[in-house]
Each structure stands twice: as C-alpha cells, then as structure tokens.
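*Asks:* Using only what follows, build the 3D model:
(one chain, ligands or ions: 2)
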Amino acid sequence: MTPKIFIDGEHGTTGLQIRTRMAGRRDVELLSIPEAERRNAAMREDLLNNADIAILCLPDDASKEAVGMLSGNNSVRIIDTSTAYRIASDWAYGFAEMDKAQADKIKAARHVANPGCYPTGAIGLIRPLRAAGILPDGYPVSVNAVSGYTGGGKQMIAQMEDQSREDSISANNFVYGLPLKHKHVPEMKTHGLLDRAPLFSPSVGRFAQGMIVQVPLFLDDLKDGTTIESIHAALVAHYAGQDIVTVVPLAESTKLGRVDAEELANTDRMKLFVFGTPGGAHVNLVALLDNLGKGASGAAVQNMDLMLSA
Ligand SMILES: NC(=O)C1=CN([C@@H]2O[C@H](COP(=O)(O)OP(=O)(O)OC[C@H]3O[C@@H](n4cnc5c(N)ncnc54)[C@H](OP(=O)(O)O)[C@@H]3O)[C@@H](O)[C@H]2O)C=CC1
Ligand SMILES: CC(=O)N[C@@H](CCC(=O)OP(=O)(O)O)C(=O)O
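*Replies:* Residues are numbered from 1 along each chain as shown. Ligands and ions are numbered 1, 2, ... in the order given. Alright, predicted model coming up:
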C-alpha cells in the first residue's frame, strides 16, 4: 500500500517546502488539510491518526499537542521539525550523517526529531572532531552564524518583506539571541558531544534562504600536533561516501576569497570548509547550507525516505 503522509503545518514555511519537494511523487500519498482549517484540532487529529508518517511543521507547543493527539496510536511514525524533542532520549536525532550508525537509527525509529538549522552546521563541524579526540574536553567552543530571514518563519518573512507593518524590520543584517540563551544551544551541546555549552551568536541577513555557520578554533588548545591538514583529514574521513554533506578540498578552499551565504539556497546539501594558513595558529570551520534545505525541509524529506526504506 502507498504510505500516507500528513504534514501538520503544511501551510507554513517549512511545511510548504516539504510539500513542494513531494510534488509529483507517486510512491507516497499526501493527506492534506485546507489552509482555512489548518488550526482545526479535530480535523488535524483525524488526519494525524490516519497517516503512516506525520511530519510536524509547527511551533513547539503545537508539536507537543500533535504528539499528544497520537498518544494512543502505536502505528503512526512522527518526524517533528520543532525544537521540542531534539534532546529527548527516546527520539532519534534526524541528522543521518552525524555518525555511521545514525541513518539506521532513523530508519528504525518511530519518532524522529529533525535538527535545527544552525545545529546542523555546528554539529556537522564539531562532532567529528570530538569523536576523533581532536577537540578536547573543556574547550570553549564558539558558534557564529548568519541565516536567511525565512529561518524566522512566516512572521519574520512578513517583517522583512513588508515595510508598512508596525513591527517591520528595516535592518539588512542584525545580530540577535543577545542573552546567549538560544534554544539551539542544548542541541548543539548534546549532539556535538560537548561537555561545555557552546557560546552561540546568530544573526540574520536580508536574503531569503541560505546559512553560514562558523566555528573558529585555536590550534594550540586542541590535541597536541593538530594542524589544519589533520582537522581537514578528520572531516574527510568522517563524511567519506556521503553526497549530501561534503568537505571542500583544502586545495580548493585556500583559493577562495569569500563564501556566499546563498550559494546552496534551494538545495538540500551542506558543504564544510576548513580555512586558515598551513603552519598558522588558527583555523575557522565553516558550514554552508540552506536553512530550509538541509537545515529543515530537505532533512525532513531525507528522514522520511530513510523511514520508508525500513
Ligand atoms: N524556518 C526555518 O528555517 C526552520 C524552521 N524550523 C521549525 O519548523 C517549525 C515550523 O516553523 P516555520 O515553518 O518556520 O513556521 P511558520 O510560522 O512559517 O509556520 C508554522 C505553521 O504552523 C501553523 N500553526 C501554528 N500553531 C498551530 C496550531 N496550534 N495548530 C495548527 N497549526 C498551527 C501556522 O499557522 P498560522 O499561519 O495560523 O500561524 C503555520 O502555518 C518550527 O518548530 C520551527 O522552529 C526548523 C528548522 C528551520
Ligand atoms: C532566523 C531565525 O529566527 N531562526 C530561528 C531558528 C530556525 C530553526 O532552525 O528553527 P527551529 O530550531 O525552531 O527548528 C531562530 O533563531 O529561532
């Protein structure tokens, strides 16, 4: 039988992008709710319970409510794109490339938590270095990032695009998360295998989709003998055989003068770079992705496909 998929929140930013990615697919049947009924709880509950996989594209509270609507149902599998379950031990974390066993965990899981956009970049850079023993216990990790404004969902899109609104945003680039308590920090710490919470400073630019995540490192404070080449080699080994997450060769990245945050917009891929000078004191790790691609909707469809392949 053709598996039935219901996207709860299908008329929002992430939901719409998932729907677009599924358009034309004949191997799945999409259950749909009319836009005007998107908050009709009885209708949602019915559709949720009739799906084989429910993809939740809702704010955290509404996600928890949807999971509650499925509490008596032992067959529906869930992919949640919110922050609600990303460090819950009974949910599989939906970052298939984060280590060798993760894709199989996602395949077998009933409940999958889709990663946050910024954590996808940060964990993608940090976890391989923790696993290889290069990034020692206690290292004070900083994560600096810029996102396209669709990362803020329907509300921020309207604030950036409609300057007649009372709450419009006129800045072309702004830093936020200033109290340093962003909701993505616990997820970066847990799945980045860090013993100290990273210092995370996000920002938004006046472009719709795209993201750069940077993790600067002091080589002297890493495992003895670490070099730009050994860091790059550890990332290359970690992502060997992957095609969605790739590591840019040093010979290529050393020639670059800049990295464009929009380069991977409208793709589901992520590129990792290691910048610095051989023999120098510092390296800067950079992840490039689309906040709505590998950072959200692309990852959700990848996870759905893994679950359907079980
Ligand atoms: N945008 C991004 O880049 C990313 C987003 N995410 C996560 O994905 C989830 C969705 O975010 P995003 O698509 O950006 O948000 P949007 O605000 O664009 O869309 C959310 C959708 O959910 C609907 N909704 C809100 N509350 C309820 C409710 N109680 N019952 C039913 N429907 C409801 C909204 O309807 P209404 O229009 O009526 O408000 C809207 O259609 C969030 O948890 C977000 O954190 C994850 C990674 C990246
Ligand atoms: C630009 C912007 O506002 N971005 C969002 C994160 C987008 C994302 O990844 O959302 P979830 O973790 O909720 O899934 C923020 O900083 O809250």
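
*Asks:* drop to CA atoms for contacts and neighbour counts, all remaining ones
*Replies:* Will do.

*Asks:* any residue of stretch 84-102 up close to ligand 1?
*Replies:* No. Between stretch 84-102 and ligand 1, judged by CA under 6 Å from any ligand atom, nothing touches; the nearest distance is 7.8 Å.

*Asks:* residues contacting the residue in the chain sticking out farthest from the centre?
*Replies:* Of all residues in the chain, the one whose C-alpha sits farthest from the chain's mean C-alpha position, using CA atoms, centre = their mean, is Gly279 at 32.7 Å. Residues in contact with Gly279 (CA atoms under 8 Å, 6 or more residues apart in numbering) are 227-228.

*Asks:* host element of Asn144?
*Replies:* Element membership for Asn144 (DSSP states H and E) is strand 142-148.

*Asks:* residues from this protein in reach of ligand 2?
*Replies:* Counting by CA under 6 Å from any ligand atom, the chain comes close to ligand 2 at 81-83, 116-117, 147, 149, 151-152, 204.

*Asks:* ok, now with 8 Å
*Replies:* Applying CA under 8 Å from any ligand atom, one finds that the chain approaches ligand 2 through 59-60, 81-83, 114-119, 146-153, 156, 176-177, 182-184, 202-204, 291, 295-296.

*Asks:* Make a ChimeraX selection of the buried ones in these.
*Replies:* A single ChimeraX command selects the buried members of the residues of the chain next to ligand 2 (16 or more other CA atoms under 10 Å):
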select :60,81,82,83,114,115,116,117,118,119,146,147,148,149,150,151,156,184,202,203,204,291,295,296
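
*Asks:* average pLDDT across the helix or strand just after the strand holding Asn144?
*Replies:* Scanning forward in sequence from strand 142-148 by DSSP H and E, the next helix or strand is helix 153-161. What helix 153-161 shows for mean pLDDT is 98.

*Asks:* Start from the N-terminal end of the stretch 101-250 of the chain and give the helices.
*Replies:* 102-108, 117-131, 153-161, 185-191, 228-238, 250-253 (DSSP state H, counting those that start in this stretch).

*Asks:* quick one: the second one to strand 142-148, angle?
*Replies:* With axes from the mean of the first three to the mean of the last three CA atoms, to 10 degrees applied, the angle from helix 117-131 to strand 142-148 works out at 150 degrees.
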